[in-house]
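Q: got a sequence here, can you build the structure:
(chains A, B, C, D and E, ligands or ions: 4)
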Amino acid sequence: MSDFLVYLITGLGTGCGIALIGSGLVLIHRVTRVVNFAQGTFAVVGALTAISLLDTGLPHGLSEVLGVAVAAVVGLLVGVIAIGRRGTSPQAALMVTLGLGILAYAVEVMLWGDQGRSSEGLSGAVTVFGARIQTHYLLIIGVTAAVFAALAGLFGRTDAGKALSACSSNPYAARVVGISVTRMGLIAFAIGGALGGLAGVLLAPMNSMAFDSDVALIINGFAAAVVGSMHHIGRTLAGALFLGVAEAMVAGYGSATYQTVVALGLVLALMIGQAARTHSVVAEAG
Amino acid sequence: MVALVGPNGAGKSTLVNTLTGILTPASGSVEVRARIAQVPEGRQMFGDLTVDDNLRLGAWQLRGRGESRRKQRDTSWVYELLPDLVRVRDRKAGGMSGGQQQMVAVGRALMSRPEVLVIDELSLGLAPLIVADLAEHLTELNREQGTAVVLIEQNARLALDLCSRAYVLEAGRIAAEGDSADLAASPDIARAYLGEAQALPAPPDAQDDPGPHDPGPRDRAMADPAPTPGTAGTARGNQDTAVQAARAATREAK
Amino acid sequence: GGGSSASSSADDGPIDIGMITSLTGQLQTLGTEGRKAAELAVKQINKDGGVLGRKLELTVKDDKSLPDQSVLAFNAFKDQGVTAVLGSPSAGSALATLPAVDRAEIPYISLSPADEQVAPVHPYVFVVPALASDYAERLLQYYKSEGVSKLAVAYDTKTAYPTAGYKAMKAKAGEYGIKVVATEEIQSTASDFSAVFTHVKGTDAQALAVWVTGPASVVLTKQYAASGLDIPISFTGSQASKLWLDPAGKAAEGAIVASSIGLVGDMLPDGAQKKAIEAVNKPFTQKYNYPPPQFAQDGYTGVQLLAAAIEKAKSTDHEKIRQAMEGLTLATPNGTYRYSEKDHSGLSPDYISVNAVTDGRFVPTVWSKSELEKVAK
Amino acid sequence: MLTASQLSVYILLALSAMVTVGLSLLMGYAGQVSIGQASFYAIGAYAAGLLSVHGTPPLLALAAAPLIAALFAAAIGGPLLRLRGHHLAFATIALQLILISLLGEADWAGGSVGLQGIPRLSAGGTELGEDIHYAYLAWAAVAVTVLVARNVVTSRAGRGLRALATSETAASASGVPVARYKLAVFTLAAAFAGLAGGIYAFFIGYINPGSFPVLLSIQFLVMAVVGGLGTIWGALLGATAITLIVQFLNDLGSRPGMPASAPSILNYAVYAALLILVVLFLPRGIVPALRDAWQQRRIAGHAGAGTGTAERAEP
Amino acid sequence: MLQVSGLSRSFGGVYAVDGVDLTVERGSALGIIGPNGAGKSTLFNLVSGQLPAERGEIRLDGRRIDRLSPHHRARLGIAIVFQGARTFHGMSVLENAMVGAHATTGAGFAAAALRLPRHRREERLIAERAREAVRRVGLEAWADRPAELLPLGQQRALQVARALCGEPTLLLLDEPASGLRAAERDRLADLIEQLRADGLTIMLVEHDVALVGRLADRVTVLDLGRVIAEGTPDEIRTDPRVVTAYLGTEAAA
Ligand SMILES: Nc1ncnc2c1ncn2[C@@H]1O[C@H](COP(=O)(O)OP(=O)(O)OP(=O)(O)O)[C@@H](O)[C@H]1O
Ligand SMILES: Nc1ncnc2c1ncn2[C@@H]1O[C@H](COP(=O)(O)OP(=O)(O)OP(=O)(O)O)[C@@H](O)[C@H]1O
Ligand SMILES: [Mg+2]
Ligand SMILES: [Mg+2]
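A: Ligands and ions are numbered 1, 2, ... in the order given. Below is the predicted model of the structure:
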């Protein structure tokens, strides 16, 4: 029983990490229709910045905040290059973000070298119902909950949220009603950068962050975001948690060698199930 | 109220799009000193937002605070004008029927309490009943709030009845303009109707490379601020008329 | 028959040596270090008058950690008519290049520890790093000395090196009176290993041996520290560097890590071995401000072995060098190599040190210290 | 006369070109995104490798490679192609991850160590020992690929594909069997990749899961996009440009005298910068851009049909 | 030739088409009118197979077709012109029309890839049929232009041309005249009348009552997914329910 709890909570923990990456992807796509392949890079930059600051003796908290800030700026930069030029199609912008992700490798190697780095997170472990869980997981879970609540609020309740969604739903119409599509897009990229950075600083203590850590991050995040059709906040979170827990459970009760296979397989099945139910007319509507 | 009439492909949409700044003119300039709202060609819904959200976004530009903001966001009066929408107010606009979308588009434009209202195709896909109501409402707006209306309308009869002035467009140039009553009588109108598709400016890059990423007119209109030589002619043709129509519109706005 | 070694046999010109390594991609950290040390070795040798009175000239090519790129690089060296090639640290690259090596019959000194390169023996392929199986054997010896009889093993099934190591460990465990009571298959792409520890807790294993490469080892170490699992954990050569030590940080304290003897040179008694190690450690540390990691020493050793073989063969002829290699015995930072016709990985497990991480440094265990002293003389 | 290293570059180039042509067909004409095209490359390679290792005559094994890849595509395509856009893109990438992962486990396929001892191609006793033979083979295969692709796109089927790329609804209403067409083009692209993979296996003589990373799929994607989606020449040009640039930067980076950081700067930064510039300034790819430019010149040149517009609009 | 009975389809619980019965005689033209959102387009989507029906059945010449896929129905001779323009991007006007020919031709990938004679024969056939169709709708001047650049009216005409290429027996037209000026409108009406003369059966959704009056010999009125009236144009024009629900007073005059 307590084993189950361990798997469940660690699963949720990893899931939340994935969700944070996914959230940035969804946010940016929901506003700009761009699948931002540089999302993992934001996390890496945020993490590595925070770690370096910690090494220089800055206290925890401050270092992390600064890391997130830097990631946000990087996000904005990526945005400017990807969608700043008038008439760059989402597909083109996607390739640009891909390119920027690779470009970042060089910069990161220059700044931080090519070796993996890590930081000390919340040390120790707590015991929940006889299950021993790393305290840091609880932090990740908490932050993720807050972030997603905020996003859901933004898009669900506020006019600003609607206006943001409008930009991707129909850019032309957005211009017609006087929404500055590009500015909205840049805002989205900045926030997306911050979200990525947040994911990075939270995951840094759990992982060894190197310039090329983004690949693994982006793939999981992409999986979650796609479960949410690159649009739905809630479904993205659900997808991420599902992914995390599935992996943990497979590793726990089956063999860890197949955890990715099974988890990805399940996500695929899930999506194909969804798709079977929607019909092209409806899919193309609007 | 100004009417733009002319055969398909005359350049009416292109013209009003330059008016509202969706397209940037290749030459000359458009100055509009007024809050301008547009019912674009082809409805242009926010497909995955609800009908209600679509309407509310119409008021996005109005930067009100507190109470006034609340008023601006209030959509109820639009539903009174277009009762058919009540039934679907919380459904995704993308799923709506052609006419319902047209209603939303009109409602959305009205929401911004415009001083200049540009309507590209009013009656498109609307049931006669609704068209009558809308026509009435527009004249009302024009009379009471002095809202200027630039109207493109397939049903020229209706257009000329509604509007005081009218411009007849053909192949991107103004073929005739004047008091709609006179125009209604004049043969120019008839000519405009008989405008042949062949007489149209041929679109550019004809042997364009196939592939879905080739942007459709809409994307393209956004894509290249400076049209390719092919369109330049059209655009320039439209443009000088654009200035006039804009003046006409703003004159009425004062 | 002995492919003549084209251009570079011009009797006084420099001796061309090619080096295929991973300067970008997954393994770029390993490759970059290896290159640094190899270039250092060449510089030293040339300073001491070169080989056969001729200078060595090292050309480096990047395989981007991709097999086919390694083949491209090898073909390029073939065109260039190099005397010999130092091979990539990536097992995939090495194995992909072997067929080409067999055809071209150019001596290939591999810096990758994959067992498959030497079993069966490829005539022109000689391996520098200690093989996974050697590490396995050494760790078993250590556990025996610690009185461990029940062992849990976790290994990454999707990477060649750990898999080979695990297989060897399982096969040889019996000889040392050790029983593998739990086998945990893990995945280097995973980000959570709590399952491993939870499972092992459920067994009566007295120690956990981990075979994994890359960043995953850091994650695993940190989670081991937090897991409350109270049996010792051991790692292999893949962790014997700051790539693992730094990010793992506090969590690494007390962990057992097997490494090449070169890594603990400064703790050896004075003698041939220590001198050999310092020959690379001193200048390398001077130049880069940190002691050379394992991969660097492999690169350095590779060059040394090659130079010795050429010297011994008194020729740059590929076939002659191969024969020289097969009879070669040489003391290097990695230990003393003894290649033979049947054994193309000349290093014995005796040169592997088993360390415990103390105060963020690799310190040989008492048992290991005494063992090393035997060979260090 | 090309040197062995140049030869092997051109062989790999040809193989990429084949995959890219298929991908361009899939994405450019049928509007189906695949970020996992290397899966079929891998399947072709493993099919050829395994068969020949177990004694099948190499040529037979090579012929089987595209077939098996196609069969696999046809099998998974059914459910997979219900997905659209990002979903499909993800599905393809996930598929590759799963495939690589399983291959790493499959001891019968060499597992994580990889598949060793793949014989060289041999036709009727005579072995294709020289790289030049593989170059001929590869380029012949490219020719076939291009021919088939051209024939398909300029046909009824091709029009159907392009139609469903815009609107599946309208296409199906015009009698286009959308699902079947998608599957067909998916399968065709897989076959191309499979054939390339087969040649790869024989050329290198060793394959392992690491030979087919996701980055390879992305590389193919980049080639297709840079060259210009939906144009066969674009696919060829893209593959060529990218392969040669990558090789050039790679050589440059490891030249003696280059700083230690040169490789990562060149292989990452410069490569990426070039990619970004092309995408930003030739968003539709090189070949379409060239075509447009040529159009413009032609229009500007003799006052022909194209300028009719402008004239009519002049005052 | 077409019998629809008890046909229903809902979206999000709300019925868009709710137990509709109707019959279309061969060679006749049925007009369908009704308020916005009444379910006209949905009905067409159900008949042409774009949407699966929830209940009810559709018979073409007595054969049940409501389980068949859209392209299968197209092969049986049902063609549809959608509300709103749906031209295929990146293809010339002529190619757009040629797509329509899918319904009556069969050469697949293999035939194309290998350039079998069958393929060549068909290509020739398709090409000339497409030219004919394009000419018929008066687009020959645009034949080689990218279709998405056509103004609205021409796009509509192009869809008709595409439909004709499939040599349909039943043609569904969803608001074909919306957005067309009087001139184009008349040309379209003439075209439709010709088609009828050629024996084509036509279902027409239109808000231009005059046009419906001119083209249709029977009219069905939908409201909220149900048939509220049925009869000749004149009967309908005076039907009080229709006037209040749809026409409004002055439009009827
Ligand atoms: N994005 C574009 N690129 C090239 N040509 C275009 C573009 N948009 C419109 N055109 C051309 O400009 C001309 C005017 O088009 P426009 O849509 O303004 O005509 P219109 O009067 O609005 O027609 P309709 O009455 O059908 O709406 C047409 O010939 C059209 O083909
Ligand atoms: N894809 C969809 N998703 C959700 N609701 C839909 C969808 N398609 C149609 N509806 C709803 O079904 C009802 C009927 O729509 P339909 O398009 O058939 O009306 P219509 O008679 O064609 O109206 P119009 O004359 O305006 O075109 C409408 O209320 C519409 O909102
Ligand atoms: Mg228009
Ligand atoms: Mg409709």
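Q: from here on, just use CA atoms for contacts and neighbour counts.
A: OK.
Q: next one: stretch C:281-288 to chain centre, how far?
A: Its chain's C-alpha centre and that of stretch C:281-288 lie 20 Å apart, by CA atoms, centre = their mean, to the nearest Å.
Q: should've said stretch E:110-119
A: With CA atoms, centre = their mean, you get 32 Å for stretch E:110-119.
Q: do stretch D:40-51 as well
A: 16 Å.
Q: assess the claim that residue D:229 and residue D:237 are in contact.
A: No - judged on CA atoms under 8 Å, residue D:229 makes no contact with residue D:237 at a distance of 11.1 Å.
Q: more crowded one of those two?
A: residue D:229 (36 against 22; other CA atoms under 10 Å in any protein chain shown).
Q: wait, a helix at that one?
A: No - Residue D:229: not assigned to a helix; according to DSSP: H, G, I helix; E, B strand; the rest coil it is coil.
Q: residues touching it, list them.
A: B:211, B:213, D:24, D:25, D:27, D:28, D:29, D:235, D:284, D:285 (CA atoms under 8 Å, 6 or more residues apart in numbering or on different chains).
Q: pull up the distance across stretch C:108-118, start to finish.
A: Stretch C:108-118 has an end-to-end distance of 12 Å (CA to CA, to the nearest Å).
Q: quick one: average pLDDT of it?
A: The pLDDT scores in stretch C:108-118 average 93.
Q: from the rest of the structure, what touches that stretch?
A: C:84-91, C:94-95, C:98, C:101, C:124-133, C:160-161, C:164, C:295, C:298-299, C:302, C:306, C:343-345, D:113.
Q: can you do 6 Å?
A: Residues outside stretch C:108-118 that contact it (CA atoms under 6 Å, 6 or more residues apart in numbering or on different chains) are C:85-91, C:124-129, C:131, C:161, C:344.
Q: roughly how far is it from the heart of the chain?
A: Taking mean C-alpha positions (CA atoms, centre = their mean), stretch C:108-118 and its chain are 9 Å apart.
Q: quick one on the thing from earlier: save the contacts of residue D:229 as a markdown table, and put in secondary structure and distance to residue C:245 too.
A: Below are these laid out as a markdown table (DSSP: H, G, I helix; E, B strand; the rest coil; distance: CA to CA, whole Å):
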| residue | secondary structure | distance to residue C:245 |
| --- | --- | --- |
| B:211 | coil | 53 |
| B:213 | coil | 50 |
| D:24 | helix | 46 |
| D:25 | helix | 49 |
| D:27 | helix | 46 |
| D:28 | helix | 48 |
| D:29 | helix | 51 |
| D:235 | helix | 46 |
| D:284 | coil | 48 |
| D:285 | coil | 46 |
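Q: between these, which is closest to residue B:53?
A: Nearest to residue B:53, judged by CA to CA, of these is residue B:213 at 29.7 Å.
Q: and the residue nearest the centre of chain E?
A: residue E:172 (2.2 Å; CA atoms, centre = their mean).
Q: typo on my end, chain C
A: Against the mean C-alpha coordinate of chain C, by CA atoms, centre = their mean, the closest residue is residue C:129 at 2.9 Å.
Q: can you tell me which of the contacts of stretch C:108-118 is nearest ligand 1?
A: Closest to ligand 1 out of the contacts of stretch C:108-118 is residue C:90 (53.4 Å), distances taken as CA to the nearest ligand atom.
Q: how close does the closest residue to that closest one other than its chain neighbours sit to residue C:132?
A: Distances taken as CA to CA, 6 or more residues apart in numbering or on different chains put residue C:112 closest to residue C:90, at 5.8 Å, once the chain neighbours are dropped. Note on residue C:112: its distance to residue C:132, by CA to CA, is 10 Å.
Q: run through who's touching the helix or strand where residue E:46 lies.
A: Per DSSP states H and E, residue E:46 falls inside helix E:40-48. Applying CA under 6 Å, 6+ apart, the external contacts of helix E:40-48 come out as E:51, E:53, E:70.
Q: low-confidence regions, the stretch 151-286 of chain A specifically.
A: A:278-286 (pLDDT under 70).
Q: for it, what lies in contact range of chain C?
A: A:206, A:207, A:208, A:251, A:252, A:256, A:257 (CA under 6 Å from any CA of the partner chain).
Q: and these, which of them are in strands?
A: Counting by DSSP state E, these place none of their members in strands.
Q: still on that earlier bit, sitting in strands, which of the contacts of stretch C:108-118 do you find?
A: Reading strands off those with DSSP E, I get C:85, C:86, C:87, C:125, C:126, C:127.
Q: I'd like those residues written out as JSON lines, with distance to residue D:18 and neighbour count added.
A: Formatted as JSON lines, the ones in strands among the contacts of stretch C:108-118 follow (distance: CA to CA, whole Å; neighbours: other CA atoms under 10 Å in any protein chain shown):
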{"residue": "C:85", "distance to residue D:18": "32", "neighbour count": "27"}
{"residue": "C:86", "distance to residue D:18": "33", "neighbour count": "29"}
{"residue": "C:87", "distance to residue D:18": "30", "neighbour count": "33"}
{"residue": "C:125", "distance to residue D:18": "34", "neighbour count": "26"}
{"residue": "C:126", "distance to residue D:18": "37", "neighbour count": "29"}
{"residue": "C:127", "distance to residue D:18": "37", "neighbour count": "26"}
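Q: from these, which is closest to chain E?
A: Distance ranking of those against chain E, using CA to the nearest CA, places residue C:87 first at 45.0 Å.
Q: let me know the pLDDT of residue B:199.
A: 36.
Q: repeat for residue D:149
A: pLDDT, residue D:149: 94.
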